[in-house]
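A.B. asks: Provide a 3D model corresponding to the input given below.
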Amino acid sequence: MTIRLMGDNRFTFPHDFLDFLRMSERRPHRVGDYELDPACMARFNGALHELNPEAPEMTMDQIASAAERALAREPEHSDMPPFVASRMAALARLESMAADADWGASEDLRHKVDVLIRYRKDTGDLIPDTRPVVGLLDDAVLVDVALQLLRGELADYEDFCRFRKVAAEFAGLPEGAAGFTRAHWLQAIVQDHANVGRSCVELQDRAAGDPRASLFHVT
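C.D. replies: Below is the predicted model of the structure:
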């Protein structure tokens, strides 16, 4: 069973970035003075399809256009655009969730996180990580795809972490040693429903929402 909970909106961002993967007309496949490599593009799409086999392949036109817009909007001395930084923060949170024994992440979630980590560490990824501003743009696109698929579980995990913290404080125990698990969290939710006189409803997965709302949706 699952229980429908309010979603966590910490990984949602302004819609004025939605055009970042819109293609410019007949532009060269360059990011600044760096020319994109078709073999690296194939590795990127391989990672994309591991995350979501139904995702359409992206093109070098799309990535080059996105990088061009990022470079136009951000000063060259900046570390990375805010939306890229936010996706890297989300990746760190996904890693924490996958590694949290109290949560007991599914095999599917662990696999998706592993795909992201492998690509993040790949020295032959599509855009070299050392490129100013846009070095992690390709990584951020993949994280965004994963968030579309995992955001329901991520929101549940954030709720679980809040529950674990409060429960540990109430018990007077260190959070890491309290031993509260996902099962305890679910039991507390069911008990809360029972206490307010509601019937126990069938737990449903949080709706994934329209993927077109993704920051990196391809138009």
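A.B. asks: Give me the helices and strands touching the helix ranked longest in the chain, please.
C.D. replies: If you go by DSSP state H, the chain has its longest helix at helix 137-171. On a contact count with 3 or more CB pairs under 8 Å, 6 or more residues apart in numbering; DSSP states H and E, helix 137-171 meets helix 38-51, helix 60-73, helix 82-99, helix 107-121, helix 182-195. Every residue, glycine included, has its C-beta placed from N, CA and C.
A.B. asks: Give me the distance between the residue nearest to the spatial centre of the chain and residue 96.
C.D. replies: Most central in the chain under CA atoms, centre = their mean is residue 147, positioned 3.2 Å from the mean C-alpha point. Here residue 147 is placed at a distance of 14 Å from residue 96 (CB to CB, to the nearest Å).
A.B. asks: tell me which residues in the longest helix of the chain are buried?
C.D. replies: 137-161, 163-164, 167-168 (16 or more other CB atoms under 10 Å).
A.B. asks: and it, what's its mean pLDDT?
C.D. replies: Average pLDDT, helix 137-171: 92.
A.B. asks: could you check the angle helix 82-99 makes with that helix?
C.D. replies: 50 degrees (axes from the mean of the first three to the mean of the last three CA atoms, to 10 degrees).
A.B. asks: Report the angle between helix 137-171 and helix 38-51.
C.D. replies: Interaxial angle of helix 137-171 relative to helix 38-51 (the same axes, to 10 degrees): 30 degrees.
A.B. asks: Pull the contacting residues for the residue nearest to the centre of the chain.
C.D. replies: Contacts for residue 147 (CB atoms under 8 Å, 6 or more residues apart in numbering) come out as 11, 87, 90, 94, 154.
A.B. asks: ok, now residue 97?
C.D. replies: Residue 97 makes contact with 103, 105, 109, 113, 153-154, 157, according to CB under 8 Å, 6+ apart.
A.B. asks: okay, these in a markdown table with distance to residue 124 next?
C.D. replies: Below are the contacts of residue 97 laid out as a markdown table (distance: CB to CB, whole Å):
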| residue | distance to residue 124 |
| --- | --- |
| 103 | 32 |
| 105 | 28 |
| 109 | 26 |
| 113 | 20 |
| 153 | 30 |
| 154 | 29 |
| 157 | 32 |
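A.B. asks: now, which of those sits nearest residue 61?
C.D. replies: residue 113 (28.9 Å; CB to CB).
A.B. asks: pLDDT score assigned to the closest one?
C.D. replies: At residue 113, pLDDT is 97.
A.B. asks: what's the closest non-adjacent residue to it?
C.D. replies: Once flanking residues are discounted, residue 113 sits nearest to residue 98: 4.3 Å by CB to CB, 6 or more residues apart in numbering.
A.B. asks: Next, find the distance separating the one you found from residue 161.
C.D. replies: 14 Å.
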